[in-house]
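Engineer: The amino acid sequence is not available; the structure is as follows:
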């Protein structure tokens with residue numbers, strides 16, 4: 001992945017196809033909270049802990065609210081991480097019939113990408 005700030009920004013914009021408002025609404029849903037892994041290695045929201053993907057979703061919302069000129073190196077590193085995750089996860093796509101309500105889709109949506117919007 002490129003270190004060029006413009007390329008990092010463009011790649012992030014391509015990977016994250018949900019708006020900040022869409023992602024915020026999604027993160028409030030039970031479906032969003034039902035997927036992912038916690039820091040203690042448990043699946044879903046077991047034990048009341050927020051999943052890693054859900055936490056990343058909140059960070060993505062913050063990035064989407066920033067102006068490009070205000071992004072720093074830490075922001076760009078996070079953008080690269082998000083872009084990498086989305087691309088890796090897209091490669092694991094289930095059959096088309098399973099996509100709409102799949103944990104795969106819900107997980108991607110926590111990272112700001114709705115595969116049904118491609």
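Structural biologist: Noted; the coordinates are in hand. Only a predicted model underlies this, so the values are computations on that prediction, with no experimental measurement involved.
Engineer: Could you measure from residue 14 over to residue 87?
Structural biologist: According to Cβ to Cβ, to the nearest Å, residue 14 and residue 87 sit 10 Å apart. C-beta coordinates here come from the backbone N, C-alpha and C atoms, glycine included.
Engineer: and the nearest residue to residue 54 once chain neighbours are set aside, what pLDDT?
Structural biologist: Once flanking residues are discounted, residue 54 sits nearest to residue 110: 5.3 Å by Cβ to Cβ, 6 or more residues apart in numbering. pLDDT, residue 110: 93.
Engineer: residues contacting residue 110?
Structural biologist: Contact analysis of residue 110 by Cβ atoms under 8 Å, 6 or more residues apart in numbering lists 26, 27, 32, 35, 36, 51, 53, 54, 56, 57.
Engineer: rerun that using 6 Å as the cut-off
Structural biologist: Going by Cβ atoms under 6 Å, 6 or more residues apart in numbering, residue 110 touches 32, 53, 54, 57.
Engineer: The closest residue to residue 102 other than its chain neighbours and residue 34, how far apart?
Structural biologist: In space, and not counting its chain neighbours, residue 102 is closest to residue 94: 5.4 Å by Cβ to Cβ, 6+ apart. To residue 34, residue 94 is 16 Å away according to Cβ to Cβ.
Engineer: Look at the two and report which has more neighbours.
Structural biologist: Taking neighbours as other Cβ atoms under 10 Å, residue 94 and residue 34 compare with residue 34 leading, 15 against 11.
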